[in-house]
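Peer 1: what follows is a predicted protein model with its sequence.
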Amino acid sequence: MTDHDYHRQRSEIPPAPAGCPVHSTWSPLNDDYLADPYTIAARLAADHPVFYAEKLGYLVVSRMEDLEMVFTDHETFASDNVQDPVFPLAPEAQAVLASPDFDPVAVMSNRPEPDHGKIRVYTRQGFSARRLRTLEPFIRARTHELIDTMLDAGPPAEFVDALAFPMPGETVFRFIGFPAADDELLKGWCGDRKAFSWGHPSPEAQTEIARHMLDYWRYCRAFTADKRANRGDDFASELLDAQEANPDDLTYREVESIIYGLSFAGHEAVTALMCNTLQCLLPRPDDWAAVGADPTLVANAVEEVLRFNSSQISWRRITTSETEIGGYTVPAGTTIFLNFASANRQADIWEDPDTFDLYRPNANRHISFGKGVHYCLGAKMAKLETQIVTEILAQRMPGLRLVDDQDFTYFPNITFRGPNELRLTW
């Protein structure tokens with residue numbers, strides 16, 4: 001285990017900072033919080049904007065000004081832990097990942113400066129406006145195909161299986177350059193990563209996920225080696241070109257690791273964002289009719305969803321030196337839980353923050369994609385995909401609505417939030 005391993009284990013859980021309020025029962029994995037984080041997050045923030053969550057072993061930071069301070073001071077608040085398991089791994093899972101050939105390295109969200117900055121230069125080029133324009137025809141065509149299938153089958157439809165899961169996965173796979181024939185295999189390997197890094201799975205589940213991660217890493221290495229010999233018009237080829245031209249800034253192992261990490265990051269949150277957008281718009285028929293009649297409203301609608309019902313409701317950091325947050329002295333090595341669910345509904349930033357407002361002028365003030373040097377690289381792609389899907393659905397299915405009286409359930413994890421199922425009718 002080295003400082004730059006892609007997934008690292010917590011060696012110990014730090015205690016609460018001296019004098020800091022301690023909450024002994026709250027956890028983002030509690031059933032009531034998974035069902036409705038916003039009401040509870042607001043109450044917690046009102047009680048104590050900074051507190052220590054004993055069950056989680058993290059210092060919780062709740063207010064926007066503190067979150068922005070943490071994000072922009074990357075030297076004091078490092079990103080090293082964002083892909084690490086929240087809780088210690090079972091020995092059986094550790095044994096699987098101890099395979100000598102499982103050696104991805106931290107590259108983007110979990111790589112500190114200055115290395116992160118050097119790597120990001122080349123990954124940012126891959127997410128260029130030109131590259132996104134090349135993806136747009138695929139996104140539009142595939143969206144129409146999936147909607148055709150929904151319409152042919154007739155109502156009701158389960159939206160996650162019908163469109164929200166396959167579309168983002170296939171888009172990021174085409175972006176990277178993975179062959180379409182491997183889509184189902186890749187989705188199976190990537191589908192449970194949020195449990196590993198952001199949940200609390202059983203030892204048996206951890207071990208199965210670890211096997212998938214090992215298989216997927218081996219696939220990524222074989223794919224990268226093949227792509228090295230057979231370039232195409234895709235992100236993987238651009239990375240390999242950049243690596244060969246700049247070997248001191250970007251290593252071959254880092255290219256393999258970027259491809260490994262991007263597949264999950266590129267679709268899990270987008271699936272949730274598509275579902276959350278429909279959860280916000282469909283119960284408001286006037287808003288649904290408005291975006292169908294005027295597609296220029298869709299961009300702000302998605303920003304308001306990211307604020308009001310975000311697909312990412314937290315992120316993590318770890319302190320590299322003693323510092324201060326909210327008036328408390330925080331030792332080095334303290335793990336930080338950044339609570340977007342409270343910050344994105346802060347009443348001193350947004351008027352009537354608990355109301356969804358399609359026309360809100362400062363909707364994009366949210367923190368859901370982070371801030372500073374680690375601002376989410378895929379933010380533009382996530383919003384583009386969601387905007388296209390929403391625009392086409394609103395135009396083709398103006399009578400779309402949620403099935404009545406459905407109970408929404410959410411996969412237990414600390415960060416990503418979208419319904420497990422979303423049943424639609426028309």
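Peer 2: Now that the structure is in, tell me what you want to look at.
Peer 1: use CA for all of it now, contacts and neighbours both
Peer 2: Fine.
Peer 1: centre-most residue in this protein?
Peer 2: By CA atoms, centre = their mean, the mean C-alpha position of the chain lies nearest to residue 269, the distance being 4.2 Å.
Peer 1: identify the residues contacting that one.
Peer 2: The contact partners of residue 269, by CA atoms under 8 Å, 6 or more residues apart in numbering, come to 311, 312, 382, 416, 417.
Peer 1: check residue 400 too.
Peer 2: Residue 400 is in contact with 282, 394, 424, 425, 426, counting by CA under 8 Å, 6+ apart.
Peer 1: give me the residues contacting the host helix or strand of the third one.
Peer 2: What it means is residue 424. Under the criterion DSSP states H and E, the helix or strand holding residue 424 is strand 423-425. Judged by CA under 8 Å, 6+ apart, the contacts made with strand 423-425 from elsewhere in the structure are 155, 156, 157, 158, 159, 400, 401, 402, 403, 406.
Peer 1: strands paired with that strand, and their directions?
Peer 2: Paired with strand 423-425 in the same sheet, following DSSP bridges, are strand 157-158 (antiparallel), strand 401-402 (antiparallel).
Peer 1: circling back: what about the residue nearest to the centre of the chain, distance to residue 165?
Peer 2: Here the criterion is CA to CA, to the nearest Å. By it, residue 269 lies 10 Å from residue 165.
Peer 1: where does pLDDT dip in the stretch 51-200 of the chain?
Peer 2: Segments of the stretch 51-200 of the chain classed as low confidence (criterion: pLDDT under 70) are 108-117, 120, 126, 191.
Peer 1: all the strands of it, residue numbers only.
Peer 2: Remark: strands of the stretch 51-200 of the chain, listed N- to C-terminal, are 58-61, 77-78, 157-158; assignment by DSSP state E, counting those that start in this stretch.
Peer 1: could the strands paired with strand 423-425 be laid out in a markdown table, adding distance to residue 179 and mean neighbour count?
Peer 2: Shown next, in a markdown table, are those (distance: least, CA to CA, whole Å; neighbours: other CA atoms under 10 Å):
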| stretch | distance to residue 179 | mean neighbour count |
| --- | --- | --- |
| strand 157-158 | 26 | 19 |
| strand 401-402 | 34 | 19 |
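Peer 1: okay if I get those strands as TSV plus distance to residue 36?
Peer 2: Putting the strands paired with strand 423-425 into TSV (distance: least, CA to CA, whole Å) gives the following:
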stretch	distance to residue 36
strand 157-158	22
strand 401-402	19
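Peer 1: looking at those strands, which is closest to residue 125?
Peer 2: With distances scored as CA to CA, the stretch of the strands paired with strand 423-425 nearest to residue 125 is strand 157-158 (36.3 Å).
Peer 1: contacting residues around the closest one?
Peer 2: Under the criterion CA under 8 Å, 6+ apart, external residues in contact with strand 157-158 comprise 150, 421, 422, 423, 424, 425.
Peer 1: nearest residue to the last one other than its sequence neighbours?
Peer 2: In space, not counting the residues next to it along the chain, residue 425 is nearest to residue 156; the distance is 4.5 Å by CA to CA, 6 or more residues apart in numbering.
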